[in-house]
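1. okay, structure incoming, though there's no sequence with it:
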(Lines give C-alpha, C1' and ligand atoms only; values in the text may rest on other atoms or scores of the structure.)
Protein backbone atom coordinates (compact mmCIF):
# COMPACT_ATOMS: atom_id res chain seq x y z
CA UNK A 1 0.00 0.00 0.00
CA UNK A 2 1.13 3.52 -0.80
CA UNK A 3 1.95 5.70 2.22
CA UNK A 4 -0.25 8.68 2.99
CA UNK A 5 1.09 12.05 1.85
CA UNK A 6 2.96 14.05 4.41
CA UNK A 7 1.32 17.03 6.07
CA UNK A 8 1.37 20.28 4.04
CA UNK A 9 3.01 21.99 7.02
CA UNK A 10 6.07 19.77 6.73
CA UNK A 11 8.95 21.57 4.97
CA UNK A 12 10.17 18.31 3.47
CA UNK A 13 7.04 17.27 1.59
CA UNK A 14 5.69 18.97 -1.53
CA UNK A 15 1.99 19.72 -1.34
CA UNK A 16 -0.02 18.67 -3.20
CA UNK A 17 2.02 15.51 -3.58
CA UNK A 18 3.84 15.08 -6.88
CA UNK A 19 2.40 12.51 -9.28
CA UNK A 20 4.15 9.21 -9.69
CA UNK A 21 7.38 9.40 -11.77
CA UNK A 22 5.86 7.41 -14.64
CA UNK A 23 3.11 10.05 -15.06
CA UNK A 24 5.30 13.16 -14.90
CA UNK A 25 6.59 15.02 -17.94
CA UNK A 26 10.34 15.12 -18.46
CA UNK A 27 10.12 18.49 -20.22
CA UNK A 28 11.58 20.47 -17.26
CA UNK A 29 14.70 18.30 -17.39
CA UNK A 30 15.17 18.96 -21.10
CA UNK A 31 14.51 22.70 -20.74
CA UNK A 32 16.94 22.89 -17.85
CA UNK A 33 19.65 21.12 -19.83
CA UNK A 34 19.03 23.37 -22.85
CA UNK A 35 19.35 26.54 -20.76
CA UNK A 36 22.43 25.22 -18.94
CA UNK A 37 24.24 24.24 -22.16
CA UNK A 38 23.24 27.48 -23.95
CA UNK A 39 24.64 29.50 -21.06
CA UNK A 40 27.98 27.70 -21.25
CA UNK A 41 28.18 28.08 -25.04
CA UNK A 42 27.43 31.82 -24.85
CA UNK A 43 30.02 32.29 -22.10
CA UNK A 44 32.62 30.41 -24.16
CA UNK A 45 31.86 32.64 -27.18
CA UNK A 46 32.16 35.74 -24.97
CA UNK A 47 35.56 34.63 -23.65
CA UNK A 48 36.79 33.78 -27.16
CA UNK A 49 35.59 37.16 -28.50
CA UNK A 50 37.32 38.96 -25.62
CA UNK A 51 40.65 37.11 -25.82
CA UNK A 52 41.29 35.97 -29.41
CA UNK A 53 43.18 38.25 -31.81
CA UNK A 54 41.20 39.94 -34.60
CA UNK A 55 42.87 37.86 -37.31
CA UNK A 56 41.66 34.59 -35.77
CA UNK A 57 38.07 35.86 -35.47
CA UNK A 58 38.08 37.05 -39.11
CA UNK A 59 39.56 33.72 -40.21
CA UNK A 60 36.62 31.99 -38.48
CA UNK A 61 34.28 33.86 -40.84
CA UNK A 62 32.97 36.55 -38.50
CA UNK A 63 32.95 39.83 -40.43
CA UNK A 64 31.52 42.11 -37.75
CA UNK A 65 31.65 41.98 -33.96
CA UNK A 66 31.41 44.62 -31.21
CA UNK A 67 34.43 46.60 -30.13
CA UNK A 68 36.63 44.88 -27.55
CA UNK A 69 36.13 47.61 -24.96
CA UNK A 70 32.62 46.23 -24.42
CA UNK A 71 34.21 43.07 -23.01
CA UNK A 72 35.22 45.16 -19.99
CA UNK A 73 32.48 47.80 -20.01
CA UNK A 74 29.48 45.47 -19.76
CA UNK A 75 30.69 43.54 -16.66
CA UNK A 76 31.96 46.74 -15.04
CA UNK A 77 28.70 48.63 -15.58
CA UNK A 78 26.68 45.62 -14.45
CA UNK A 79 28.67 45.51 -11.22
CA UNK A 80 28.18 49.24 -10.68
CA UNK A 81 24.42 48.97 -11.28
CA UNK A 82 24.10 46.08 -8.82
CA UNK A 83 26.08 47.94 -6.14
CA UNK A 84 24.10 51.12 -6.77
CA UNK A 85 20.84 49.18 -6.43
CA UNK A 86 21.87 47.75 -3.06
CA UNK A 87 23.08 51.16 -1.88
CA UNK A 88 19.84 52.82 -2.97
CA UNK A 89 17.71 50.25 -1.16
CA UNK A 90 19.81 50.65 1.99
CA UNK A 91 19.56 54.44 1.80
CA UNK A 92 15.78 54.31 1.33
CA UNK A 93 15.41 51.95 4.28
CA UNK A 94 17.53 54.21 6.49
CA UNK A 95 15.67 57.31 5.29
CA UNK A 96 12.28 55.80 6.13
CA UNK A 97 13.35 54.61 9.58
CA UNK A 98 12.11 56.94 12.33
CA UNK A 99 14.56 58.37 14.86
CA UNK A 100 14.99 56.71 18.25
CA UNK A 101 13.21 59.63 19.92
CA UNK A 102 10.16 59.29 17.64
CA UNK A 103 7.07 57.71 19.19
CA UNK A 104 6.53 55.63 16.04
CA UNK A 105 9.41 53.40 17.18
CA UNK A 106 7.37 52.40 20.24
CA UNK A 107 3.84 51.98 18.89
CA UNK A 108 2.29 51.45 15.50
CA UNK A 109 0.07 53.86 13.65
CA UNK A 110 -3.11 52.14 14.85
CA UNK A 111 -2.47 50.08 18.00
CA UNK A 112 -5.35 47.92 19.25
CA UNK A 113 -6.21 49.89 22.39
CA UNK A 114 -9.19 48.80 24.47
CA UNK A 115 -12.05 51.27 24.54
CA UNK A 116 -12.82 52.95 27.87
CA UNK A 117 -16.27 54.05 26.69
CA UNK A 118 -19.26 51.67 26.78
CA UNK A 119 -20.37 50.41 23.39
CA UNK A 120 -23.77 51.36 22.05
CA UNK A 121 -24.28 48.14 20.11
CA UNK A 122 -23.91 45.83 23.10
CA UNK A 123 -21.51 44.80 25.80
CA UNK A 124 -17.80 45.33 25.48
CA UNK A 125 -15.92 42.53 23.71
CA UNK A 126 -13.70 42.41 26.80
CA UNK A 127 -16.66 41.56 29.05
CA UNK A 128 -16.48 37.75 28.55
CA UNK A 129 -12.85 37.83 29.64
CA UNK A 130 -13.53 39.73 32.84
CA UNK A 131 -13.56 36.71 35.14
CA UNK A 132 -10.47 36.36 37.37
CA UNK A 133 -8.92 33.34 35.62
CA UNK A 134 -9.07 34.83 32.11
CA UNK A 135 -5.94 35.98 30.33
CA UNK A 136 -6.59 39.45 28.93
CA UNK A 137 -6.23 40.14 25.23
CA UNK A 138 -2.90 41.58 24.10
CA UNK A 139 -2.86 45.27 23.20
CA UNK A 140 -0.46 48.19 23.11
CA UNK A 141 -0.26 50.44 26.13
CA UNK A 142 0.54 54.08 25.33
CA UNK A 143 4.08 55.03 26.31
CA UNK A 144 2.83 57.94 28.42
CA UNK A 145 0.80 55.57 30.58
CA UNK A 146 3.74 53.19 30.93
CA UNK A 147 5.99 56.04 32.07
CA UNK A 148 3.41 57.28 34.60
CA UNK A 149 3.06 53.79 36.08
CA UNK A 150 6.79 53.04 36.13
CA UNK A 151 8.08 56.40 37.32
CA UNK A 152 5.04 57.58 39.35
CA UNK A 153 4.89 60.96 37.71
CA UNK A 154 1.53 62.63 37.94
CA UNK A 155 -0.05 63.89 34.78
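-> Perfect, thanks for sending it. Computed from a predicted structure; not experimentally measured. Numbering: from 1, shown residues only.

2. how close does residue 59 sit to residue 52?
-> The gap separating residue 59 from residue 52 is 10 Å, by C-beta to C-beta, to the nearest Å. For the C-beta atoms, the positions are set from N, CA and C on the backbone; glycine is no exception.

3. more neighbours, those two?
-> Between residue 59 and residue 52, residue 52 has the larger neighbour count (other C-beta atoms under 10 Å), namely 13 against 10.

4. any regions of the chain where pLDDT drops low?
-> Residue ranges of the chain with pLDDT under 70: 1-17, 107-132, 134-137, 153-155.

5. show me the domain layout of it.
-> Listed by automatic domain parsing, the domain ranges of the chain are 12-65, 67-106+138-155.

6. ok, and what's touching stretch 50-57?
-> Stretch 50-57 is contacted from outside by 48-49, 65, 68, 71, using C-beta atoms under 8 Å, 6 or more residues apart in numbering.

7. hmm, which two among these are most spread apart?
-> Pairwise distances across those (C-beta to C-beta) peak at 12.0 Å, for the pair 48 and 68.

8. packing partners for the helix or strand hosting residue 88?
-> Per DSSP states H and E, residue 88 falls inside helix 70-95. On a contact count with 3 or more C-beta pairs under 8 Å, 6 or more residues apart in numbering; DSSP states H and E, helix 70-95 meets helix 27-51.

9. what angle do the helix it packs on and helix 70-95 make?
-> Counting by axes from the mean of the first three to the mean of the last three C-alpha atoms, to 10 degrees, helix 27-51 points 120 degrees away from the direction of helix 70-95.

10. what count of nearby residues applies to residue 49?
-> 15.
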